[in-house]
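*Asks:* my questions concern the predicted model and sequence given below.
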Amino acid sequence: NAGVTQTPKFRVLKTGQSMTLLCAQDMNHEYMYWYRQDPGMGLRLIHYSVGEGTTAKGEVPDGYNVSRLKKQNFLLGLESAAPSQTSVYFCASSYWDRARHEQFFGPGTRLTVL
Amino acid sequence: AQSVTQLDSQVPVFEEAPVELRCNYSSSVSVYLFWYVQYPNQGLQLLLKYLSGSTLVKGINGFEAEFNKSQTSFHLRKPSVHISDTAEYFCAVSDLMGGSEKLVFGKGTKLTVNP
């Protein structure tokens, strides 16, 4: 099993450009999450999904959109990138039930917006 | 809303010394608690978790943590650290909002193990 994979690993954008980050998981998890990690800030939840076709806002959703058309994939979009979106982005997934609740993380995407 | 406070942003220790990384949380309901580790340029990996039962939880790599409900703490300990334990450690609490499970993370503690 590959677990949680993220594409791309690195990206440099200019202000105003758009891009999509792809997250894929092969563990049949119901829940998927997108976080951003900034120095000294820990991980902050951007958006999450509790199942195929559903999405919800997290703590810092502004400037991002997401889609979950297939259970195994969760896409994060930046429509018009800003320097404040320079960060490391992590995707995670988990089962729905609390008894097995543990989030599995991908390796991250390092995004720089110039 | 729940919150997590990691009291030390950086902890330097010498190899083979004991270490304790402190974590306090705020919550008015029962919680699940987690410690994750992040090695340089990698994603997060679960060290251990407390869901219920014994308040002393053992995890991977010789780490353990103790849940203290009265002090709302979940401190991480290791009796003898190795150079390879150098990493950033995150404490997290589950937050069941809107019927779905989310984690609230602390800001992290960077553990540096020196020879």
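*Replies:* Yes, it's here. Given the structure is predicted, the values throughout are model-derived calculations rather than measurements.
*Asks:* in chain B, which strand is the longest?
*Replies:* Taking DSSP state E as the criterion, chain B has its longest strand at strand B:87-97.
*Asks:* residue contacts, A:E102?
*Replies:* Contacts for A:E102 (Cβ atoms under 8 Å, 6 or more residues apart in numbering or on different chains) come out as A:S94, A:Y95, B:F34, B:L46, B:K49. Any C-beta I mention is one placed from the backbone N, CA and C, and that applies to glycine too.
*Asks:* the second one and A:G51, how far apart?
*Replies:* Think A:Y95. Noted for A:Y95: a distance of 12 Å to A:G51, by Cβ to Cβ, to the nearest Å.
*Asks:* any stretches of the chain with poor pLDDT?
*Replies:* As the question left the chain open, I've gone with chain A. Residues of chain A that meet the criterion pLDDT under 70 lie in A:98-100.
*Asks:* please go with chain B instead
*Replies:* Low-confidence segments of chain B (pLDDT under 70): B:28, B:96-100.
*Asks:* chain A contacts on that one?
*Replies:* Contacts of chain B with chain A, taken as Cβ under 8 Å from any Cβ of the partner chain, map to B:9, B:32, B:34, B:36, B:41-46, B:49, B:51, B:90, B:94, B:96, B:98, B:100-103, B:105-108.
*Asks:* hmm, back to that, now for A:Y95 and A:G51: what residues contact both?
*Replies:* Joint contacts of A:Y95 and A:G51 (Cβ under 8 Å, 6+ apart) are A:E30, A:Y31.
*Asks:* and the two? Which one has more around it.
*Replies:* Between A:Y95 and A:G51, counted using other Cβ atoms under 10 Å in any protein chain shown, the more crowded position is A:Y95 (17 against 13).
*Asks:* the nearest residue to that one once chain neighbours are set aside: what's it in contact with?
*Replies:* Leaving aside its chain neighbours, A:Y95 sits nearest to A:H29 (5.7 Å; criterion: Cβ to Cβ, 6 or more residues apart in numbering or on different chains). Residues near A:H29 by Cβ under 8 Å, 6+ apart: A:S93, A:S94, A:Y95, A:F104.
*Asks:* can we see that at 7 Å?
*Replies:* Counting by Cβ atoms under 7 Å, 6 or more residues apart in numbering or on different chains, A:H29 touches A:S93, A:S94, A:Y95.
*Asks:* much appreciated, bye for now.
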